[in-house]
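Asker: Quick one, fold the following:
(chains A, B, C and D)
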There are 2 protein chains.
Amino acid sequence: MVKPAGDTKALILEAALRVFARSGTAGARTREIAAEAGVNNALVHYYFGTKAQLAEAVFAQTIEGFLPGVFGVLAEPALSLETKIREVASRQVAFHYSHPWLAGYLLSEIHTHPQVVRALVAKTGRPPVHVIRDQVDQAVAAGEIRPISAESLIVNLISMCVFPSAARPLLEQLLGGNEGTFDVFLKERSTHVADFIIAALRP
Amino acid sequence: MVKPAGDTKALILEAALRVFARSGTAGARTREIAAEAGVNNALVHYYFGTKAQLAEAVFAQTIEGFLPGVFGVLAEPALSLETKIREVASRQVAFHYSHPWLAGYLLSEIHTHPQVVRALVAKTGRPPVHVIRDQVDQAVAAGEIRPISAESLIVNLISMCVFPSAARPLLEQLLGGNEGTFDVFLKERSTHVADFIIAALRP
DNA sequence: GTCTATACTCTGATAGAC
DNA sequence: GTCTATCAGAGTATAGAC
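Answerer: Just a heads-up that it's a prediction; the model follows:
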């Protein structure tokens, strides 16, 4: 039982993500994807039709793999603002740390195929901005934090978590340091980002 | 005087940036670049040799177009930390606001061609991290700000300025809002990001 | 479902006239 | 320096056997 039957499609999908991520959708070759998956060239088209359709499937699956989780945390009524910030930061940093190429790939797809983004958001739904807004407003009214818009808070949080991974090859060079220095930097980001935001919100 | 002599090379370079930015290097076609520049197909190769060399020239020119400015501000000995933060935020936000496609393009190139990044950083030089570190350390010792590493401060600043532009097509959809809402959001970012960081640094 | 062989298009690159 | 014409190769996609 070298290849469990029925796994071919999944094999291709996983291989496609790796290849797309490192070469970009346009730069990737369907032959390379087939080779990486260990299957015949023709099977890529048998299962996914065209390269563009395969690319869409990969992109959609990837986004759906982490956006709903973030939205879920933000929407959770029982969690405090601080807990949410720490939880999202922790998840995002860990996720992009373990998939170093993903952020760059997603950002390039996002701006090359905006139509796909639109369709995807229609399916995935939007972040619970109003929940955060209510929570922020209450905390502001209670004098617990400085005023800030829910949108800015969310964008600041995501920016600081995702950007360092997306720009890693450049930042690594710019900041210098030895082998592994940037790894440590990224790992410490989770708590640093959360602490930084909490500090910024103090009244 | 429809076409000033000697401008052909520059025309191609400008057109190439636009085409590369919207299609990615791999997705762009040399014919399309020639058309966009209004010149003959063969001239692209006459002036730049291969597509890869053209791509490198475009990438290098773009990075060199704004990194040195940022480094210059950060290195300036006469400026306070707060002034530097406000100045960099202002410049970065304005720059990426007026070149909406650039951030996404650069990030995708960065992770598709890390070797080019290395060569470029060797030429451009590195940000004056030590200057910021000294400035931070002094301010911390004087009790003016909370402790933070120079690297984190710089990365936080750049992240919050650049990421929203890089992820614009996605954020625009996720945050909803009418036509133009996101434009306003981006324009206000400059002062918001600076204020946010200054607030986070309060002791 | 999987394979081989192949068709056909797109596109980077050049040769050579002007 | 600029143009036309064209080639050579790469790469997506499919037809059809097994």
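
Asker: Please name the nearest non-neighbouring residue to A:Asn156.
Answerer: B:Met160 (5.6 Å; C-beta to C-beta, 6 or more residues apart in numbering or on different chains). No exception for glycine: its C-beta is placed from N, CA and C like everyone else's.

Asker: Enumerate every residue touching the one you found.
Answerer: Contacts for B:Met160 (C-beta atoms under 8 Å, 6 or more residues apart in numbering or on different chains) come out as A:155-156, A:159-160, B:89, B:189, B:193, B:196-197.

Asker: Could you tell me the phi and psi values at A:His113?
Answerer: The phi/psi pair for A:His113 (degrees, to the nearest 10) reads phi -130, psi 70.

Asker: Look up how far A:Ala10 lies from it.
Answerer: A:His113 is 23 Å from A:Ala10, where distance means C-beta to C-beta, to the nearest Å.

Asker: The two: which has the busier surroundings?
Answerer: A:His113 (18 against 12; other C-beta atoms under 10 Å in any protein chain shown).

Asker: one step back: what helix or strand is the residue nearest to A:Asn156 located in?
Answerer: Element membership of B:Met160, judged by DSSP states H and E, is helix B:150-166.

Asker: Please save the CA atoms from that helix in CSV.
Answerer: This file holds the C-alpha atoms of helix B:150-166, laid out as CSV (Å, rounded to 0.1, in the frame of the first residue of the first chain):
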residue,chain,number,x,y,z
ALA,B,150,15.6,48.9,18.0
GLU,B,151,14.8,46.0,15.6
SER,B,152,11.3,45.6,16.9
LEU,B,153,10.6,49.3,16.8
ILE,B,154,11.7,49.6,13.2
VAL,B,155,9.9,46.4,12.1
ASN,B,156,6.7,47.5,13.9
LEU,B,157,6.8,50.8,12.2
ILE,B,158,7.4,49.5,8.7
SER,B,159,4.9,46.7,9.2
MET,B,160,2.0,48.9,10.0
CYS,B,161,2.9,51.4,7.2
VAL,B,162,3.4,48.9,4.4
PHE,B,163,1.2,45.9,5.1
PRO,B,164,-2.2,47.6,4.6
SER,B,165,-1.1,48.7,1.1
ALA,B,166,0.3,45.2,0.3
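
Asker: average pLDDT across that helix?
Answerer: When pLDDT is averaged over helix B:150-166, the result is 98.

Asker: and the angle from it to helix A:150-166?
Answerer: Taking axes from the mean of the first three to the mean of the last three C-alpha atoms, to 10 degrees, one finds helix B:150-166 and helix A:150-166 inclined to each other by 110 degrees.

Asker: and the helix or strand just after helix B:150-166, what does it pack onto?
Answerer: Remark: after helix B:150-166, the chain's next helix or strand is helix B:168-175, criterion DSSP H and E. Other elements packing on helix B:168-175 under the criterion 3 or more C-beta pairs under 8 Å, 6 or more residues apart in numbering or on different chains; DSSP states H and E are helix A:102-112, helix A:114-124, helix A:150-166, helix B:181-201.

Asker: let's see it at 7 Å
Answerer: Contact partners of helix B:168-175 among helices and strands, from 3 or more C-beta pairs under 7 Å, 6 or more residues apart in numbering or on different chains; DSSP states H and E: helix A:102-112, helix A:114-124, helix B:181-201.

Asker: among the ones you listed, which is the most enclosed?
Answerer: Comparing these by mean neighbour count (mean count of other C-beta atoms under 10 Å in any protein chain shown), helix A:102-112 comes out on top with a mean of 25.

Asker: right, quick check: it against chain B, any contact?
Answerer: Yes. Under the criterion of C-beta under 7 Å from any C-beta of the partner chain, helix A:102-112 makes contact with chain B via A:104, A:107-108, A:110-112.

Asker: Could you report the distance from the residue lying closest to A:Leu171 once chain neighbours are set aside to DNA strand D?
Answerer: In space, and not counting its chain neighbours, A:Leu171 is closest to A:Pro164: 6.1 Å by C-beta to C-beta, 6+ apart. Using C-beta to the nearest atom of the strand, to the nearest Å, we find A:Pro164 at a distance of 31 Å from DNA strand D.

Asker: follow-up on the earlier one: between the helix holding B:Met160 and helix A:102-112, how many degrees?
Answerer: Using the same axes, to 10 degrees: helix B:150-166 against helix A:102-112 is 30 degrees.

Asker: quick one: helix B:150-166 to helix A:181-201, angle?
Answerer: Angle of helix B:150-166 versus helix A:181-201, following the same axes, to 10 degrees, is 80 degrees.

Asker: Can you name every helix or strand that the helix or strand that contains A:Gly24 contacts?
Answerer: Secondary structure from DSSP H and E places A:Gly24 in helix A:8-27. Judged by 3+ C-beta pairs under 7 Å, 6+ apart, the packing partners of helix A:8-27 are helix A:30-37, helix A:41-48, helix A:51-64, helix A:102-112, helix B:8-27, helix B:102-112.

Asker: any bit of it sitting next to DNA strand C?
Answerer: Yes. Contact of helix A:8-27 with DNA strand C (C-beta under 7 Å from any atom of the strand) involves A:8-9.

Asker: That helix vs DNA strand D: in contact?
Answerer: No. Contact between helix A:8-27 and DNA strand D is absent, the nearest approach being 8.2 Å (criterion: C-beta under 7 Å from any atom of the strand).

Asker: Please tell me how far the residue nearest to A:His111 when sequence neighbours are not counted sits from A:Arg22.
Answerer: Leaving aside its chain neighbours, A:His111 sits nearest to B:Gly104 (3.5 Å; criterion: C-beta to C-beta, 6+ apart). Using C-beta to C-beta, we find B:Gly104 at a distance of 17 Å from A:Arg22.

Asker: now swap in A:Glu144 and tell me
Answerer: From A:Glu144 to A:Arg22 the distance is 45 Å (C-beta to C-beta).

Asker: likewise A:Phe185?
Answerer: With distances taken as C-beta to C-beta, A:Phe185 is found 22 Å from A:Arg22.

Asker: end-to-end on stretch A:107-118?
Answerer: Taking C-alpha to C-alpha, to the nearest Å, the first and last residues of stretch A:107-118 lie 14 Å apart.

Asker: same deal with stretch A:167-185?
Answerer: So stretch A:167-185: terminal residues 13 Å apart, C-alpha to C-alpha.
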